[in-house]
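[1] would you be able to build a 3D model of this:
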Amino acid sequence: LYILSRGTVDGSALDGISASNNGMSGNNGLNNNGYGAYIDNAGGAGTVTLSSTGSPSAFNGNYYTGLQVNSTGSITVESITANGNGAGATATATTGYGAYLNTVSGNVTVGDAGMTGNSFNANYSTGLPIVTAGTVSITNVTASNNGSALDPTVGYGAYIDNSSGTNDVTLLGANVFDNN
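    Next comes the predicted model:
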């Protein structure tokens with residue numbers, strides 16, 4: 001799934017989306033084929049929303065990153081699994097993420113609409129990196145066993161950087177960050 005837009009990307013009525021096992025054979029992750037989902041609306045002022053009230057949306061086992069979102073507006077993702085990404089031979093500390101959420105100034109929310117939690121486990125690099133100047137709120141996140149055994153210097157459960165602004169970071173519910 002590759003979306004390039006200048007407007008709002010609205011997936012708020014999903015009953016789960018699957019973008020898994022991309023770039024694992026034949027194309028070596030070329031031309032963004034190694035991403036589960038790559039969404040970029042940073043050229044405009046819109047927001048990105050991926051919300052599932054049914055089955056969790058799955059971005060698992062991709063050559064590079066499971067879900068990458070680049071936006072100038074707010075980002076909301078709910079009920080996400082992004083596990084086992086970055087398995088490609090050329091994965092690096094900057095491509096083997098579970099879900100990378102990047103916005104210039106918008107808020108980032110990782111919610112739990114379907115009450116299934118959010119899982120970012122066993123990725124080559126960090127499970128859930130978030131970069132923004134805005135407010136960050138995460139709910140019911142498990143981000144464990146991230147980082148490569150080949151390079152133990154990469155990999156956090158979650159990496160949250162909103163130091164370019166003066167907004168808050170809030171963790172709600174049950175959050176687990178083990179063995180990273």
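
[2] could you check how far the residue nearest the centre of the chain is from Gly66?
    Closest to where the C-alpha atoms of the chain average out (CA atoms, centre = their mean) is Ala99, at 1.6 Å. With distances taken as CB to CB, to the nearest Å, Ala99 is found 6 Å from Gly66. Bear in mind the C-beta positions are built from the backbone N, C-alpha and C, glycine included.

[3] likewise Leu1?
    11 Å.

[4] neighbour count for these two, which is higher?
    Shown here are Leu1 and Gly66; by other CB atoms under 10 Å, Gly66 has more neighbours (31 against 15).

[5] touching, that one and Tyr38? I think so.
    No: applying CB atoms under 8 Å as the test, Gly66 and Tyr38 come out as separate, 10.2 Å apart.

[6] list the contacts for Gly155?
    Residues near Gly155 by CB atoms under 8 Å, 6 or more residues apart in numbering: 93, 123-127, 146-148, 180.

[7] skipping adjacent residues, who's closest to it in space?
    Leaving aside its sequence neighbours, Gly155 sits nearest to Gly147 (CB to CB, 6 or more residues apart in numbering; 2.1 Å).

[8] cool, and Asn175?
    Per CB to CB, 6+ apart, closest to Asn175 is Val141, 4.9 Å.

[9] who's in contact with the spatially closest residue to Ser164 that is not a sequence neighbour?
    Once flanking residues are discounted, Ser164 sits nearest to Ala133: 4.4 Å by CB to CB, 6+ apart. Contact analysis of Ala133 by CB under 8 Å, 6+ apart lists 104-105, 162, 164-165, 167.

[10] please check the residues you listed and keep the buried ones.
    Among the contacts of Ala133, those classed as buried by neighbour count (16 or more other CB atoms under 10 Å) are Asn162.

[11] need the contacts of Ala133 in CSV (columns: distance to Asn70).
    Formatted as CSV, those follow (distance: CB to CB, whole Å):
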residue, distance to Asn70
Val104, 9
Ser105, 13
Asn162, 16
Ser164, 15
Gly165, 17
Asn167, 19
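
[12] strands - which of the contacts of Ala133 land there?
    Counting by DSSP state E, the contacts of Ala133 place none of their members in strands.

[13] ok, so of the contacts of Ala133, who is nearest Asn60?
    For these, the closest approach to Asn60 (CB to CB) belongs to Asn162, at 27.0 Å.

[14] list the contacts of that closest one.
    130-136, 169.

[15] ok, it to Thr132 distance?
    Noted for Asn162: a distance of 5 Å to Thr132, by CB to CB.

[16] can you check Ser148 too?
    Taking CB to CB, one finds Ser148 at 26 Å from Thr132.

[17] okay, the two: which has more neighbours?
    Remark: of Ser148 and Thr132, Thr132 carries more neighbours, 25 against 17, as counted by other CB under 10 Å.
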